[in-house]
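A.B. asks: Dropping the sequence and predicted coords here.
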Amino acid sequence: MNSSTSNTFFFPAGISGFWSKKDTPPPILETSLFQEKCEEVKTIGYELIAIHFAENKRQSYHSALLQKNEEQIVVFCNKYYPIVAFTQPNALLSANDLIQFEPPSVYVAHEMLAAYFNQAPFQVIPSEILRLEVDADNPETTSVVHLLYDVEFAEFAFWEPRSMGDVVFNNWG
């Protein structure tokens with residue numbers, strides 16, 4: 001991976017869903033922004049099959065199931081910041097399946113959807129960043145997370161995220 005890619009993307013404080021009383025809580029993304037963006041995918045030939053909003057504190061993401069012909073893409077959106085990523089399910093999902101669909105260990109780059117979602121206020125995290133292994137000794141990883149709150153690092157010790165994707169899209173708490 002090009003190290004300049006990760007050096008240009010920094011996770012904002014609180015993105016994992018954790019902060020202490022002394023920290024400024026992260027903003028909470030208005031769900032209507034994500035819903036409107038997902039409903040408008042028809043302009044690029046996709047159909048919104050289902051959308052699921054995080055309903056509890058432990059889930060740090062919203063998700064949407066999009067389909068174009070036989071191709072399905074799940075869009076994950078952090079519930080605090082308008083940051084999105086994509087994955088392709090291994091099998092076709094129904095609208096009901098989306099509720100149980102967990103963030104993957106493999107995120108995919110999708111040029112068309114990235115161009116569509118990479119408009120204010122949304123930002124697409126490059127899949128290569130999400131696939132980075134969480135490693136305190138790796139300068140690439142540490143540069144991406146250097147803005148996080150101390151309590152977030154403490155939670156990493158407990159939850160043991162495998163990849164940077166686990167930090168942004170998780171069911172911790």
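C.D. replies: That came through, no problem.
A.B. asks: if you go through the protein in chain order, where are the helices?
C.D. replies: For the chain, the helices defined by DSSP state H occupy 3-7, 31-39, 97-100, 111-117, 127-130, 139-145, 150-159, 164-168.
A.B. asks: contacts for the last one?
C.D. replies: Put plainly, it is helix 164-168. Helix 164-168 has contacts (CB atoms under 8 Å, 6 or more residues apart in numbering) with 11, 15-16, 60-61, 76, 78, 83, 85, 103-105, 107, 125, 129-132, 134, 141, 144-145, 148, 152, 156, 159, 161. C-betas here are computed from N, CA, C, even on glycine.
A.B. asks: what mean pLDDT does it have?
C.D. replies: Across helix 164-168, pLDDT averages out at 96.
A.B. asks: quick one: low-confidence ranges for this protein?
C.D. replies: 1-7 (pLDDT under 70).
A.B. asks: What are the boundaries of the strands in it?
C.D. replies: With DSSP state E applied, the chain shows strands at 47-52, 61-68, 71-78, 83-87, 123-124, listed in chain order.
A.B. asks: looking at the ones you listed, which is buried most?
C.D. replies: Most buried of the strands of the chain by mean neighbour count (mean count of other CB atoms under 10 Å) is strand 83-87; its value is a mean of 24.
A.B. asks: so can I have CSV of the strands of the chain showing distance to residue 41?
C.D. replies: Converted to CSV, those look like this (distance: least, CB to CB, whole Å):
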stretch, distance to residue 41
strand 47-52, 6
strand 61-68, 6
strand 71-78, 9
strand 83-87, 12
strand 123-124, 14
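A.B. asks: Nearest approach to residue 21 belongs to which of those strands?
C.D. replies: Proximity to residue 21 (CB to CB) singles out strand 71-78 among the strands of the chain, at 21.8 Å.
A.B. asks: so that closest one versus helix 31-39, what angle?
C.D. replies: Relative orientation of strand 71-78 versus helix 31-39 (axes from the mean of the first three to the mean of the last three CA atoms, to 10 degrees): 160 degrees.
A.B. asks: roughly how far out does strand 71-78 sit from the chain middle?
C.D. replies: Its chain's C-alpha centre and that of strand 71-78 lie 9 Å apart, by CA atoms, centre = their mean, to the nearest Å.
A.B. asks: bridging residues for the nearest residue to residue 125 once chain neighbours are set aside?
C.D. replies: In space, and not counting its chain neighbours, residue 125 is closest to residue 85: 5.1 Å by CB to CB, 6 or more residues apart in numbering. Beta-bridge partners recorded for residue 85 (DSSP bridges): residue 76.
A.B. asks: I'm done for today, thanks for sticking with me.
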